[in-house]
Each structure stands twice: as C-alpha cells, then as structure tokens.
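> Show me the folded form of this:
(one chain, ligands or ions: 1)
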Amino acid sequence: MNIHGKPHRSIEAEHATRTARIIDQTLLPHLVEWRELQTMEDAAEAIRVMRVRGAPLIGATAAFGLYFALRDDATDGALQKAYDVLHATRPTAINLRWALDRVKRAVAGRNVGERAEAAWQEALAICEADVVTNHAIGRHGLELFRAIHEKKGDAAATLNVMTHCNAGWLATVDWGTAISPIYQAHDAGMKVHVWVSETRPRGQGASLTAFELKEHGVPHTLIVDNNAGHLLQRGLVDVVIVGTDRVTAHGDVANKIGTYLKALAARAHGVPFYVATPVSTIDWTITDGIRDIPIEQRSAREVTHMPGVNAAGGREEVLITPEGTQARNDGFDVTPGELVTALVTEHGVFPATARALQELQAALQASSAPDIF
Ligand SMILES: CSC[C@H]1O[C@H](OP(=O)(O)O)[C@H](O)[C@@H]1O
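A predicted model of the protein is given here:
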C-alpha cells in the first residue's frame, strides 16, 4: 500500500539481523512505533496482546516466530513446542495454523542444520504472497464496487461502503482484504465514502481503520456499532464489506463480534454483504461455523474499561461501569453463509456455498496452490 509515496507495511523482515519488526498497533492511532521481534516469545507476545492482529498478519508474525525458535533449537521437539506455543496465542484466526503448518511443511525432512533457513525463507514467502493476494482481492472487489456504483446511475455519485473492525493493511502484510477494494476504488477515481464502525470493545475501527483511511485520504465517517442498522435502514449504505478470520468449507464466516448483526441488517434492507477473504483463511476441514469455529473469549476488562491517552500522552484505561460489574467479551461471531452475498478472494468472487467452495478447492488442488490444506 503506497501511502504518501512510500510503501506501508505492518511487518518487515530485517535481513541483516534476521529479525522482524512490527508496528505496535496497541499504540495506534496516537503513536506509530515499530517494535523489533527477536525471539519466538516476542512473536507470541505480540500476537497474544494484539500488538499485531488480523488473520493474515497473525499468520505472518507466527511464521517468523517459528523461525526464531528453529534458529535457537531446530530439533523436532523444539519445533513442536514452539508450534504449540504460537498456535495457542489466539484461537479463531485460521491463518495462524495455516502459516505454522506452511513453515512446518517447509522444514519437514530437512537436516536440522537447514531448518532455520528454510523457515526464514517460508516466512518471507508468506509475507510476499500476502501482498499479491490482497492486491488481487482488491481488484476483484473493485469490479463489484464498479457494478454497484453504475447502478446508482450517476458517475459523480458517492459509493457508500460500510465496514467493520479493521481488515486493512494493518490486518495483513499490505493492502488489507476488505479495505483493499476501497483503496483501489479511491485510487481509480471513484468517489468512495466509508462508514467506519468503531468496533467495541477494542475499537479497531476507530483506532485502526480510521487511521488507515485518513492516511490514504479516503473520506470516512466514524459510527458507533449500533448505528449500522439505522444507516442500512435509511438507505445510506450501498455495500457492506468485511474481513474474516475463518471461513468454513460451507461458507460460514467468523469475524469480529458485531459482524453477524450487520449481515442481518444488510439482508433485511437488501444491501449486498461481501466478505473479503484470502484462500488461506478458508478452513477446509470444517463445515458448520457455529459448531466448529472456536470463538476467542477475551478479558472482561476490555468491556468494563475504555483505553485512551491522558493529557501527558500516556496510555490509560478508564472504568466505565460500577466496580465489579461482570462482563462477557466474545471476540468473534459467525455469520452463516446464506447471509453472505459472496466471498471476494484473490481468485475471484464466489458464492459462500459448499458447492462453490468445493469447486474452488478442486481448482486449487489441480493448480497445486500451496494455500490450502
Ligand atoms: C483480514 S483479517 C481482519 C480481521 O481480524 C480482526 O480481528 P482482530 O482485530 O481481533 O485480530 C477482525 O475480525 C477483522 O475482520
């Protein structure tokens, strides 16, 4: 993603030192601070506390984490231990397992002395593939936006897009998934406006998507999550597009909590609801999202407290409810495939159905693509 003429990436490999560096997203939007990852535990901690988040970026970070582990100890036991630690950091995004399995396959059968290098190269390959993948998702999504925009019958009309959470370049290595078509539509000269849903409780929309769109000059308006249904009902939204953390083989979609409500409201008001997903986020081993996708339970404190910065610019959290109030904090929900208008992948746009995904899987297997199990 070129912003102000320079590439913008959320994670970068430091070849000279064989380390990686990430933007610490817990400090955004107030501070853009790069943080070096040098060990497997650095990578695990970054994922666990959400310095990095977003399915593809979690996967890329974990891949470097596995490299760090193998650099220090490349035995089978050490590999499996590191795999298990990294896999346990967050349960819902399938890219975590997908990336760890890719690195594991890359080192399988190699001499112990060759494993670290093979893991490093695979981590780099995962990052580079992600950039290409997300640009392709953007191209396919742009064609959808063009078709919707044309139906408005006015070339100068604004396309009003609603999104949820952050599925931009900060959720991936670059471009993003759901935001990639928005960038490409904007850069192609289409008038685009984005309803940015704040996405309580972590506020990825307010702190990350708003940051990205402001950086890129894309007009946008922040809304509280509960405003989405009202805007959809009033005809103020032309299309909803979101990212995802795991898609089942039958097209059910896990995404940030609140996505399901937007899908229901979009369906109720005849607004297309797209899910942007790389093939790497499809879990071909499961079918029923509500039954089979593990939903992350995050701390109640994220609900009972609001993060912010004090007058001195220091980070602090403010209690917003009586001391001791109980809170539940499901990190994700599952939208059944029948509420999804289509999946926007790097290979094109597909119905969120078992049949369409079976055909996609068969085509990918025939092309020996590395992005499926
Ligand atoms: C392109 S994946 C983005 C996806 O990940 C977010 O969750 P989190 O910020 O908790 O990692 C959210 O579900 C986004 O849609």
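
> Helices of the stretch 151-300 of the chain, start to end?
180-187, 204, 210-216, 228-233, 259-268, 289-292 (DSSP state H, counting those that start in this stretch).

> got a markdown table for those, with distance to Lys152, mean pLDDT and mean neighbour count too?
Placement of C-beta: from N, CA and C, glycine included. Shown next, in a markdown table, are these (distance: least, Cβ to Cβ, whole Å; pLDDT from 0 to 100; neighbours: other Cβ atoms under 10 Å):
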| stretch | distance to Lys152 | mean pLDDT | mean neighbour count |
| --- | --- | --- | --- |
| helix 180-187 | 13 | 97 | 25 |
| helix 204 | 29 | 98 | 28 |
| helix 210-216 | 21 | 97 | 20 |
| helix 228-233 | 16 | 98 | 17 |
| helix 259-268 | 17 | 99 | 20 |
| helix 289-292 | 33 | 98 | 16 |
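
> Among those helices, which comes closest to Gly168?
helix 210-216 (4.3 Å; Cβ to Cβ).

> who in the chain is up against the ligand?
53-56, 165, 167, 171-172, 177, 204, 242-243, 245, 255-256, 331 (Cβ under 6 Å from any ligand atom).

> Recalculate using a threshold of 8 Å.
50, 53-58, 90, 92-93, 95, 164-167, 171-172, 176-178, 199, 202, 204, 208, 242-245, 254-256, 259, 276-277, 281, 296, 331-332 (Cβ under 8 Å from any ligand atom).

> Is it possible to mark the buried ones in those?
Buried residues within those, counting neighbours by 16 or more other Cβ atoms under 10 Å: 50, 53-58, 90, 92-93, 95, 164-167, 171-172, 176-178, 199, 202, 204, 208, 242-245, 254-256, 259, 276-277, 281, 331-332.

> Could you list the low-pLDDT ranges of the protein?
1-7, 369-373 (pLDDT under 70).

> how does it divide into domains?
2-128, 138-372 (automatic domain parsing).

> Now do the buried residues in the helix or strand where His149 lies.
Using DSSP states H and E, His149 maps to helix 112-151. Along helix 112-151, these residues count as buried under the neighbour rule (16+ other Cβ under 10 Å): 115-120, 122-124, 126-127, 129-131, 133-138, 140-142, 144-145, 148-149.

> what do you get for stretch 321-331?
Asn329, Gly331.

> so how far is that stretch from its chain's centroid?
On the basis of Cα atoms, centre = their mean, to the nearest Å, the separation between the geometric centre of stretch 321-331 and that of its chain is 26 Å.

> Ends of it, what's the gap?
The straight-line separation of the ends of stretch 321-331 (Cα to Cα, to the nearest Å) is 20 Å.

> which other residues reach it?
Here stretch 321-331 makes contact (Cβ atoms under 8 Å, 6 or more residues apart in numbering) with 92, 201, 256-257, 295-304.

> Most neighbours among these, please name it.
Neighbour counts for the contacts of stretch 321-331 peak at Lys256, which has 28 neighbours (criterion: other Cβ atoms under 10 Å).

> for that residue, what are its contacts?
So Lys256 contacts His164, Cys165, Thr199, Gln204, Val242, Asp245, Gly331, Phe332, Asp333 (Cβ under 8 Å, 6+ apart).

> List just the nearest of these to the ligand.
The ligand lies nearest to Cys165 out of the contacts of Lys256, by Cβ to the nearest ligand atom, at 3.9 Å.

> Spit out the contact partners of Lys214.
Counted by Cβ under 8 Å, 6+ apart, Lys214 has contacts His220.

> So it versus Leu208, what's the distance?
Lys214 sits 11 Å away from Leu208, taking Cβ to Cβ, to the nearest Å as the criterion.

> Just the residues contacting the host helix or strand of Ala13, thanks.
Using DSSP H and E, Ala13 maps to strand 11-14. By Cβ under 8 Å, 6+ apart, the surrounding residues in contact with strand 11-14 are 19-23, 34, 36, 52, 57, 60-61, 64, 123-124, 127, 173.

> Now do the buried residues in it.
Here strand 11-14 shows Ile11, Ala13 as buried, counting by 16+ other Cβ under 10 Å.

> strands paired with it, and their directions?
strand 19-23 (antiparallel) (DSSP bridges).

> Val303 and the ligand: what is the separation?
14 Å (Cβ to the nearest ligand atom, to the nearest Å).

> For that residue, what is the enclosing helix or strand?
Element membership for Val303, per DSSP H and E: helix 301-304.

> could you say what helices and strands that helix packs with?
The criterion is 3 or more Cβ pairs under 8 Å, 6 or more residues apart in numbering; DSSP states H and E, and there are no helices or strands that helix 301-304 contacts.

> Run the chain-centre distance for whichever helix or strand comes after that helix.
Later in the chain than helix 301-304, the nearest helix or strand by DSSP H and E is strand 305-309. Distance of strand 305-309 from the chain centroid (Cα atoms, centre = their mean) equals 23 Å.

> oh, and call the first residue 57 from now on, that's how I've got it
That works, and once the first residue is 57, the last one we named lands at strand 361-365.

> Which strands border strand 361-365, and is each parallel or antiparallel?
Partners of strand 361-365, by DSSP bridges, with direction: strand 371-375 (antiparallel).

> Just to check, Glu89 is in contact with Ile79?
Yes - assessed by Cβ atoms under 8 Å, Glu89 is found in contact with Ile79 at 7.1 Å.

> Which one of those two is surrounded by more residues?
Comparing Glu89 with Ile79 by neighbour count (other Cβ under 10 Å), the higher total belongs to Ile79, at 23 against 13.

> how about the nearest residue to that one once chain neighbours are set aside, phi and psi?
With Cβ to Cβ, 6 or more residues apart in numbering as the criterion, Ile79 has its nearest non-adjacent residue at 5.3 Å, and that residue is Ser66. For Ser66, the backbone dihedrals (degrees, to the nearest 10) come out as phi -90, psi -20.
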